[in-house]
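Enquirer: below: sequence and its predicted model.
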Amino acid sequence: MQQAPGPVAVVIAAMSEELSAVAALIGGVVIDDGPVGGHDTSHLLAVGGSTVALRRSGIGFTNATAAVAHCFHDFGSGVPVISVGTAGGLMHGVAIGDVVVGDRYVNLNADATAFGYALGQVPGMPTGYAPDERLVQLATGSDTGYRLRSATIGSSEVFVTEGRARELRAAFPTVAAVDMESAAIAQFAHVHDMPFVSVRAISDLCAPDGEEFREHLDDAAARAARVVHDVVLGLAA
């Protein structure tokens, strides 16, 4: 029996709102007999003659790493991995509604400077993780009408509000957006040679509390999903 080809991409989102926005745009037919294991099932959708796998990871580094590890186990290293969702705007000039395509990923939690490592560098790892160039090109070429920028995404286990944002701007002046998953997935993808990109729409500007995030969550999720939809179509073509 000939084995069915793997998906053209794996799309990982932390939250249901972020993943549902992608699924709604793809409009594919759910294939229920795909691989399972850990957290949510990888939902396979038919897109033309191809499939795309969608997986909700849950929030944070550990959940994101577990999700991409299961995708690696299910589909191997050659399948592109796309992280999609929302982020806080950190760099001055970034606005709510902008879509940031990561051209570098930094772990904002990492601090081994006492041993000579750069701030944000996990010992034994590079100072930042690079994405797959083709995925970046597909994402930045998306014809959405949104303001798209390719820039550094930093990830932290701490939801970044106003006070921490001031500290991070000084410590990481090139970081445009902050989330809680991208750098974790990027590190796993780097170690396992998986093509990777993260697409994040700005839902808040690191306000004093989470109200701004909640207000713009759905719109930001929809914007990021639209860009990822175009990436998936490009991969399936």
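Expert: Looks like it arrived, so ask away.
Enquirer: what about stretch 14-32, average pLDDT?
Expert: Averaged across stretch 14-32, pLDDT comes to 82.
Enquirer: quick one: the helices in this protein, in order.
Expert: Per DSSP state H, the chain carries helices over the ranges 16-26, 61-75, 133-140, 162-171, 182-191, 211-236.
Enquirer: and the end-to-end length of stretch 170-182?
Expert: The first and final residues of stretch 170-182 sit 21 Å from each other (Cα to Cα, to the nearest Å).
Enquirer: for it, which positions count as buried?
Expert: Within stretch 170-182, the residues scored as buried using 16 or more other Cβ atoms under 10 Å are Phe172, Val175, Ala176, Ala177, Val178, Asp179, Met180, Glu181, Ser182. No exception for glycine: its C-beta is placed from N, CA and C like everyone else's.
Enquirer: measure the closest residue to the third one other than its chain neighbours to Gly102 for me?
Expert: Closest residue in space to Ala176, ignoring its immediate chain neighbours: Ala151 at 3.6 Å, by Cβ to Cβ, 6 or more residues apart in numbering. The span separating Ala151 from Gly102 equals 7 Å under the rule Cβ to Cβ, to the nearest Å.
Enquirer: do the same with Glu181
Expert: Taken as Cβ to Cβ, the span from Glu181 to Gly102 is 11 Å.
Enquirer: which residues do the two both contact?
Expert: Common neighbours of Glu181 and Gly102, counting by Cβ atoms under 8 Å, 6 or more residues apart in numbering, are Ser198.
Enquirer: which of the helices of the chain sits most buried?
Expert: Per residue and on average, the most neighbours among the helices of the chain fall to helix 182-191, with a mean of 25 (mean count of other Cβ atoms under 10 Å).
Enquirer: what's the angle between it and helix 61-75?
Expert: Relative orientation of helix 182-191 versus helix 61-75 (axes from the mean of the first three to the mean of the last three Cα atoms, to 10 degrees): 40 degrees.
Enquirer: packing partners of helix 182-191?
Expert: Where contact means 3 or more Cβ pairs under 8 Å, 6 or more residues apart in numbering; DSSP states H and E, helix 182-191 is packed against helix 61-75, strand 81-89, strand 99-107, strand 148-155, strand 196-204.
Enquirer: adding distance to Ala225 and mean pLDDT, write these out as a markdown table.
Expert: A markdown table is the format used below for the helices and strands packed on helix 182-191 (distance: least, Cβ to Cβ, whole Å; pLDDT from 0 to 100):
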| stretch | distance to Ala225 | mean pLDDT |
| --- | --- | --- |
| helix 61-75 | 17 | 94 |
| strand 81-89 | 6 | 97 |
| strand 99-107 | 10 | 98 |
| strand 148-155 | 14 | 97 |
| strand 196-204 | 8 | 97 |
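Enquirer: can you say which of those is nearest to Leu168?
Expert: Of all those, it is strand 148-155 that lies closest to Leu168, at 7.0 Å by Cβ to Cβ.
Enquirer: grab the most central residue of this structure for me.
Expert: The chain has Ser83 as the residue nearest its centroid, 2.5 Å off, counting by Cα atoms, centre = their mean.
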